[in-house]
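A.B. asks: compute the structure for the input listed below.
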Amino acid sequence: MTQTESPTAERRAILAVLPGLVLVMLLAMLDNTIVGTAMPTIVGDLGGMQHFAWVATSYILASTITTPLYGKLGDLYGRKRLFITAILIFLAGSALSGLAQDMTQLIAFRAVQGLGAGGLMVGVLAIIGDLVAPRDRGKYQGYFAAVMALAMVGGPLVGGFFTDNISWRWCFYVNVPLGAIALFMIAAKLHTPKNIVSHKVDYLGIALLSGVSTALVLLTTWAGTEYAWGSPQIIGLGVAAGIGLGLFLWVETRASEPVLPLNLFANRNFSLSAAIGFFQGFGMFGAIMFLPLFQQLVQHSSATNSGLLLLPLMLGMMSASMAAGQVITKTGRYRWFPLAGGVVMTIGMLALATIDVDTSKLMTSVYMVVLGIGMGLIMQIVGMIAQNSVGPKDMGVASSTSMFFRSIGGAFGVSIFGAIFTNTLRTGLSGLPADVADKLASSGARMNPADLARMTVEAKAMFGQAVADATATVFGWGVLFTVLSTLLAVFIQHVPLRGGAPGASDGAEKELVEA
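C.D. replies: Residues are numbered from 1 along each chain as shown. Prediction:
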């Protein structure tokens with residue numbers, strides 16, 4: 001937007017491109033949830049059971065590595081071209097994944113898909129940061145909260161429908177027509193500001209950041225599953241990540257155009273928002289992983305409708321996020337939202353830490369709504385705080401850094417909570433014969449109601465109690481991270497949200513380009 005445009009013209013331009021951005025965000029989030037329900041059928045068709053975990057790992061690894069790179073390169077070379085490139089790579093990976101003839105091809109093509117996916121979400125957030133002043137972003141926050149809820153709930157349902165009625169390959173093919181529509185909208189309607197800066201790419205920083213990200217993702221994915229926490233492989237990954245991080249920080253202090261400018265962390269609000277996002281990732285991904293498991297194995301809900309089990313959580317999150325956005329737009333005040341969100345998340349975690357075999361589905365849903373409200377008061381707000389802490393030339397870095405820390409927090413959360421769950425489950429099954437207990441404990445997170453039905457009455461009762469205790473223990477530990485998030489939120493300072501054209505107050509030299 002040029003600074004001379006009227007608010008009505010600016011709003012009209014934003015609304016013209018908004019459907020394309022919403023559609024891209026839907027694709028990015030849907031692909032995290034739609035494939036899970038199809039995996040048993042995929043393994044049955046393609047074989048390679050021993051490598052099936054890499055179907056998810058290759059995607060997560062590629063997207064995590066590229067997220068901060070898209071943010072920085074978008075700041076350097078302009079958002080639109082890079083965003084379109086990311087969409088094209090994602091669509092190519094989707095089409096190839098649907099055509100895969102064996103597990104090796106599927107893993108490789110999922111990695112290609114992930115290389116594009118890393119630029120989708122960060123591209124949407126950075127473009128909104130370019131086009132909409134922080135004070136006005138609350139008007140559009142509800143759209144993205146709704147997309148998140150739709151993807152979380154609808155992904156497993158859509159994946160199950162395609163697998164049962166058409167083919168699992170359509171879990172990937174569906175991205176192509178939807179992505180083509182989004183691509184057309186963005187190419188035709190998106191006009192983003194571009195900062196005039198000297199371009200000197202920090203290749204060494206990019207390589208080191210990629211290496212650290214790889215080590216962290218593999219560590220959190222493999223620890224406690226593929227390898228024991230104390231194994232040489234996991235310890236080696238931890239050492240590699242630590243050394244790589246030290247080298248990366250040293251290189252970034254000397255780079256003329258660092259891929260992640262460390263001076264941004266001197267900004268109090270930016271650092272706090274990144275840390276809060278990290279700890280929130282623990283709680284959010286832990287809840288999403290273990291709540292359906294509890295409801296399927298303890299409360300005997302249908303696995304086919306597992307996506308619907310998260311509906312109370314998502315409704316709470318969506319309603320709180322929309323309400324917070326409207327209040328911020330009207331008042332310009334935001335400081336208390338992360339604090340209130342941390343408190344409400346803690347209450348929700350404490351409530352879920354009390355669940356047992358006698359907890360009703362209604363009470364579980366109530367607890368989930370409380371947790372979702374807490375998430376909704378934090379999730380979009382910390383990203384907005386990060387973007388408000390930087391000038392337009394660093395908008396992409398701010399968006400990608402916020403996402404990166406949340407993703408790494410989620411990866412650690414799933415890994416650590418998974419280890420806690422398995423160990424507690426094994427303890428709860430100690431009354432069974434050792435070989436039976438070990439088998440049930442190691443497969444607990446992959447057990448389904450059909451497997452449960454084949455168990456003896458004694459084993460079924462003990463397993464249900466053990467799952468309930470393990471789930472409650474996970475949420476009990478989750479309280480630690482929501483409390484840390486709350487304590488950090490106390491120190492957020494209120495910096496007035498920019499209310500004019502984004503970046504107008506920064507004095508940065510800009511030109512409007514139509515890439």
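A.B. asks: from Met284, how far out is the residue sitting nearest the centre point of the chain?
C.D. replies: Residue closest to the average C-alpha location in the chain (CA atoms, centre = their mean): Ser407, at 5.3 Å. Ser407 sits 11 Å away from Met284, taking CB to CB, to the nearest Å as the criterion. In short, each C-beta sits where N, CA and C put it, glycine included.
A.B. asks: do Ile186 as well
C.D. replies: For Ile186, the distance to Met284 - CB to CB - is 28 Å.
A.B. asks: cool, Asp102 as well?
C.D. replies: 34 Å.
A.B. asks: of the two, which one has the most company?
C.D. replies: Using other CB atoms under 10 Å as the criterion, Asp102 and Met284 rank with Met284 on top: 25 against 12.
A.B. asks: in the stretch 151-300 of the chain, which spans are strands?
C.D. replies: 192-195 (DSSP state E, counting those that start in this stretch).
A.B. asks: do the chain as well
C.D. replies: 192-195, 510-513 (DSSP state E).
A.B. asks: of these, which shows the lowest average pLDDT?
C.D. replies: Lowest mean pLDDT within those: strand 510-513, a mean of 33.
A.B. asks: which pLDDT value does the model give the closest residue to Val474 other than its chain neighbours?
C.D. replies: Leaving aside its chain neighbours, Val474 sits nearest to Phe417 (4.8 Å; criterion: CB to CB, 6 or more residues apart in numbering). Note on Phe417: pLDDT of 83.
A.B. asks: wait, doesn't Phe417 sit right on Trp477?
C.D. replies: Yes - with contact defined as CB atoms under 8 Å, Phe417 and Trp477 form a contacting pair (7.0 Å).
A.B. asks: neighbour-wise, which of these two wins?
C.D. replies: Using other CB under 10 Å, the more surrounded residue of Phe417 and Trp477 is Phe417, with 25 against 18.
A.B. asks: remind me which residues of the stretch 351-500 of the chain are low pLDDT?
C.D. replies: 392, 431-455, 498-500 (pLDDT under 70).
A.B. asks: equivalent analysis for the stretch 201-350 of the chain, please.
C.D. replies: For the stretch 201-350 of the chain (pLDDT under 70), the answer is 225, 286-287, 302-308.
A.B. asks: now do the helices in it.
C.D. replies: 203-222, 232-252, 268-297, 311-331, 336-352 (DSSP state H, counting those that start in this stretch).
A.B. asks: equivalent analysis for the stretch 351-500 of the chain, please.
C.D. replies: Here the stretch 351-500 of the chain has its helices, by DSSP H, counting those that start in this stretch, at 361-388, 395-428, 434-443, 449-453, 457-489.
A.B. asks: redo these as JSON lines? Include distance to Ile107.
C.D. replies: JSON lines is the format used below for these (distance: least, CB to CB, whole Å):
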{"stretch": "helix 361-388", "distance to Ile107": "30"}
{"stretch": "helix 395-428", "distance to Ile107": "18"}
{"stretch": "helix 434-443", "distance to Ile107": "23"}
{"stretch": "helix 449-453", "distance to Ile107": "26"}
{"stretch": "helix 457-489", "distance to Ile107": "29"}
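A.B. asks: Tyr227: which of the ones you listed is closest?
C.D. replies: Nearest to Tyr227 among the helices of the stretch 351-500 of the chain is helix 395-428 (11.5 Å), distances taken as CB to CB.
A.B. asks: how far away is Ala223 from Gly230?
C.D. replies: With distances taken as CB to CB, Ala223 is found 10 Å from Gly230.
A.B. asks: more crowded one of these two?
C.D. replies: With neighbours defined as other CB under 10 Å, Ala223 and Gly230 compare such that Ala223 has more, 23 against 8.
A.B. asks: bridging residues for the more buried one?
C.D. replies: Tyr227 (DSSP bridges).
A.B. asks: thought it was touching Phe412?
C.D. replies: No - with contact defined as CB under 8 Å, Ala223 does not count as touching Phe412 (9.4 Å).
A.B. asks: quick revisit: what about the helices of the stretch 201-350 of the chain, which gets the closest to Leu69?
C.D. replies: So among the helices of the stretch 201-350 of the chain, helix 203-222 is nearest, using CB to CB, at 6.0 Å.
A.B. asks: without its sequence neighbours, what residue ends up closest to Thr253?
C.D. replies: Nearest to Thr253 is Leu262, by CB to CB, 6+ apart, at 6.3 Å.
A.B. asks: please apply the same query to Ala86.
C.D. replies: Closest to Ala86 by CB to CB, 6+ apart is Gly119, at 2.8 Å.
A.B. asks: report the contact partners of the one you found.
C.D. replies: Residues counted as contacts of Gly119 (CB atoms under 8 Å, 6 or more residues apart in numbering) are 66-67, 70, 74, 82-83, 85-87, 89-90.
A.B. asks: quick one: it from Phe475, how far?
C.D. replies: 34 Å.
A.B. asks: likewise for Trp250?
C.D. replies: 39 Å.
A.B. asks: between these two, tell me which one has more neighbours.
C.D. replies: For Trp250 versus Phe475, the count of surrounding residues by other CB under 10 Å is larger for Phe475: 26 against 10.
A.B. asks: so that one is in contact with Leu352, correct?
C.D. replies: Yes - using CB under 8 Å, Phe475 is in contact with Leu352, at 4.0 Å.
A.B. asks: measure Thr364 to Ala472 for me?
C.D. replies: Following CB to CB, the distance that separates Thr364 from Ala472 is 11 Å.
A.B. asks: what do the two both touch?
C.D. replies: Common neighbours of Thr364 and Ala472, counting by CB under 8 Å, 6+ apart, are 352, 355.
A.B. asks: ok, the two, which is more surrounded?
C.D. replies: Taking other CB under 10 Å, Thr364 and Ala472 do not tie; Thr364 has more neighbours (21 against 18).
A.B. asks: neighbours of Met39, how many?
C.D. replies: Neighbour tally, Met39, other CB under 10 Å: 17.
A.B. asks: next, find the distance separating it from Gly159.
C.D. replies: Distance from Met39 to Gly159, by CB to CB: 9 Å.
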